[in-house]
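Trainee: give me coordinates for this.
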Amino acid sequence: MSRLKNILFVPHGAPTFALNPGAAGSAISKIAKEFPTPRAVLCISPHWETSIPTLGIARHLETLYDFYGFDERLYQIRYPATGCPELASEIKEVLTSKDIECEEDTIRGLDHGAWIPLRLIYPEANVPIVPISLQSHLGPMHAYNLGKALGEFAEKNVLILASGNLTHNLSDYGLVRRQGGQTPEYVKEFADWLNEKLISGDIESLLNYRKINKNGVRAHPTEEHLLPLYVALGAAGNHARASSFYRGISDYVLAMDAYTFSR
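Mentor: Residues are numbered from 1 along each chain as shown. I've put the predicted structure just below:
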């Protein structure tokens, strides 16, 4: 019988997802109940990028509003998360032992790619969080290998939470709005292709998506919103089975698909 690993890939959508979580938000809140309460969450978001992996070690994590021009109610939301420097120290030790250079950040809080899904999973903010940064300039293989190095923590009562979106082209969002609001065909096509490769475990195709899928570059002009998926994949391990628990599209161009991993 398969068992869920302590790994989730979830969407965070536009900042307005915090105000209108809809079906995707309900699915995330529901799936969270299937996981035991972890010691802490190791969270990777596309909205914290650094040159090398960096762990947030602040004891109290500020709610960051790394967006502008949205509904004023968003700027009133607080997610009073606590950090877990002790776990961050353990993670740094493991990464260093695997020849992955990493640093620590004493003041980093939680960006909207982190606190939006965390509010759905742990609305009481009663589980400590360790944020870890992304290196989008190093591509899918780096993200996958980083996930492999972190995977052992999923077996140590730590939830690895990867936040992103399967498609993310904000230029197309503006274009679609001006042209009447119809989702471009590539959005569903690319999300469907990713789903097929995830379910079949075709890691090679996933790692080379920009070369072998005609929609890859348009779906992700820059890669940061897809790379957290590769961290989750790497952490899940070679024989893990990916399964979608929500699939859908928001704001015309954002595939909101979400995945668990089991073995």
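
Trainee: show me the shaky parts of this protein.
Mentor: Where the chain drops to pLDDT under 70, the residues are 1.

Trainee: scan it for its longest helix.
Mentor: Using DSSP state H, we find that the single longest helix of the chain is helix 185-200.

Trainee: tabulate the CA atom coordinates of that helix in PDB.
Mentor: Extracted in PDB, the C-alpha atoms of helix 185-200 (Å, rounded to 0.1, in the frame of the first residue of the first chain):
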ATOM      1  CA  GLU A 185      -4.400  26.800 -25.700                       C
ATOM      2  CA  TYR A 186      -0.800  26.300 -24.600                       C
ATOM      3  CA  VAL A 187      -1.600  26.700 -20.900                       C
ATOM      4  CA  LYS A 188      -3.700  23.600 -20.700                       C
ATOM      5  CA  GLU A 189      -1.500  21.700 -23.200                       C
ATOM      6  CA  PHE A 190       1.700  22.300 -21.300                       C
ATOM      7  CA  ALA A 191       0.100  21.500 -17.900                       C
ATOM      8  CA  ASP A 192      -1.300  18.300 -19.500                       C
ATOM      9  CA  TRP A 193       2.100  17.300 -20.800                       C
ATOM     10  CA  LEU A 194       3.700  17.900 -17.400                       C
ATOM     11  CA  ASN A 195       1.000  15.900 -15.700                       C
ATOM     12  CA  GLU A 196       1.700  13.000 -18.100                       C
ATOM     13  CA  LYS A 197       5.400  13.000 -17.500                       C
ATOM     14  CA  LEU A 198       5.000  13.400 -13.800                       C
ATOM     15  CA  ILE A 199       2.700  10.400 -13.500                       C
ATOM     16  CA  SER A 200       4.900   8.300 -15.800                       C
END
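
Trainee: can you spell out which helices and strands pack onto it?
Mentor: Contact partners of helix 185-200 among helices and strands, from 3 or more C-beta pairs under 8 Å, 6 or more residues apart in numbering; DSSP states H and E: helix 203-207, helix 216-219, strand 241-246, strand 249-250, strand 254-255. C-beta coordinates here come from the backbone N, C-alpha and C atoms, glycine included.

Trainee: identify, out of those, the most deeply packed stretch.
Mentor: With neighbours defined as mean count of other C-beta atoms under 10 Å, the helices and strands packed on helix 185-200 peak in mean count at strand 254-255, which reaches a mean of 26.

Trainee: state the distance from the residue nearest to the spatial centre of the chain to V10.
Mentor: Centroid check for the chain by C-alpha atoms, centre = their mean gives S163 as the closest residue, at 1.5 Å. From S163 across to V10, the span is 6 Å (C-beta to C-beta, to the nearest Å).
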